[in-house]
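K.L.:
no sequence for this one, just the structure:
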């Protein structure tokens with residue numbers, strides 16, 4: 001079992017956790033031949049798994065990530081009986097054939113016998129990745145009107161939002177607001193595998 005060090009995620013949701021920090025340290029070691037800065041980065045165990053899954057398409061990482069999430073939800077957080085639906089955070093890159101978060105959420109749904117709801121939350125417009133955007137107002141503008149919800153599926157329900165990596169939380173904030181304001185969800189919970197050391 002992968003070791004976890006849960007971190008409370010603050011947002012407009014009922015409650016949220018990241019299972020661990022993403023990186024332990026990152027040391028600048030110079031620029032490459034193209035003038036781009038290079039870093040020697042040390043990852044947590046979960047951070048290494050997210051890296052393999054998200055950026056190296058190593059699908060074997062799905063299983064220990066999902067197992068850690070499931071164990072935490074069942075034995076530490078203990079909210080399984082409250083959850084009506086699991087919703088994966090929609091991907092920024094919809095053209096990608098393999099979608100890590102959807103894969104994690106699908107396995108989580110199967111192993112916990114909680115319905116997966118991938119059709120209720122609809123991404124209405126393409127959005128660029130937010131990892132290089134520092135300004136929170138710019139992030140908010142990019143995400144404005146990006147999502148809509150099928151109200152009849154989530155009204156009065158408790159939702160577990162699943163993501164792999166928490167940075168600023170802007171996307172999860174926007175989705176949670178849509179689930180509450182448009183979808184009339186009762187409670188929204190958030191779980192992510194890891195969290196960056198800063199909120200940028």
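P.N.:
Nice, thanks for sending it over. Just so it is clear, the model here is predicted, and its values are computed rather than measured.

K.L.:
Identify the bridge partners of residue 21.
P.N.:
residue 195 (DSSP bridges).

K.L.:
so it makes contact with residue 44?
P.N.:
Yes: with contact defined as C-beta atoms under 8 Å, residue 21 and residue 44 form a contacting pair (5.7 Å). Any C-beta I mention is one placed from the backbone N, CA and C, and that applies to glycine too.

K.L.:
Which one of the two is surrounded by more residues?
P.N.:
Neighbour totals were compared for residue 21 and residue 44, and residue 44 leads with 20 against 17 (other C-beta atoms under 10 Å).

K.L.:
just to revisit the earlier point, spell out which residues are contacts of both of residue 21 and residue 44.
P.N.:
With contacts defined as C-beta atoms under 8 Å, 6 or more residues apart in numbering, the residues shared by residue 21 and residue 44 are 5, 194.

K.L.:
mind checking which helix or strand of the chain has the lowest mean pLDDT?
P.N.:
In the chain, no helix or strand scores lower on mean pLDDT, DSSP states H and E than helix 136-143, which sits at a mean of 54.

K.L.:
got the contact list for the residue nearest the centre of the chain?
P.N.:
The centroid of the chain falls nearest to residue 163 when counting by C-alpha atoms, centre = their mean (1.6 Å). Contact analysis of residue 163 by C-beta under 8 Å, 6+ apart lists 88, 89, 101, 171, 172, 190, 191, 192, 193.

K.L.:
any idea how far the last one is from residue 40?
P.N.:
Going back to what we said before, that points to residue 193. Going from residue 193 to residue 40 by C-beta to C-beta, to the nearest Å gives 22 Å.

K.L.:
Looking at these two, which one has more neighbours?
P.N.:
Comparing residue 193 with residue 40 by other C-beta under 10 Å, the one with more neighbours is residue 193, at 31 against 10.

K.L.:
so which helix or strand takes in that one?
P.N.:
strand 187-195 (DSSP states H and E).

K.L.:
Can you read off the pLDDT for the residue of the chain positioned farthest from its centre?
P.N.:
The centre of the chain is farthest from one residue, residue 33, which by C-alpha atoms, centre = their mean lies 33.6 Å away. Predicted confidence (pLDDT) for residue 33: 86.

K.L.:
if I pick residue 89, what's in contact with it?
P.N.:
Residues in contact with residue 89 (C-beta under 8 Å, 6+ apart) are 101, 161, 162, 163, 171, 172, 175.

K.L.:
can you count the residues close to the closest residue to residue 41 other than its chain neighbours?
P.N.:
Computed as C-beta to C-beta, 6 or more residues apart in numbering, the closest residue to residue 41 that is not its neighbour in sequence is residue 26, at 4.5 Å. Counted with other C-beta under 10 Å, the neighbours of residue 26 add up to 13.

K.L.:
Tell me the secondary structure at residue 26.
P.N.:
strand (DSSP: H, G, I helix; E, B strand; the rest coil).

K.L.:
Could you do residue 184 as well?
P.N.:
coil.
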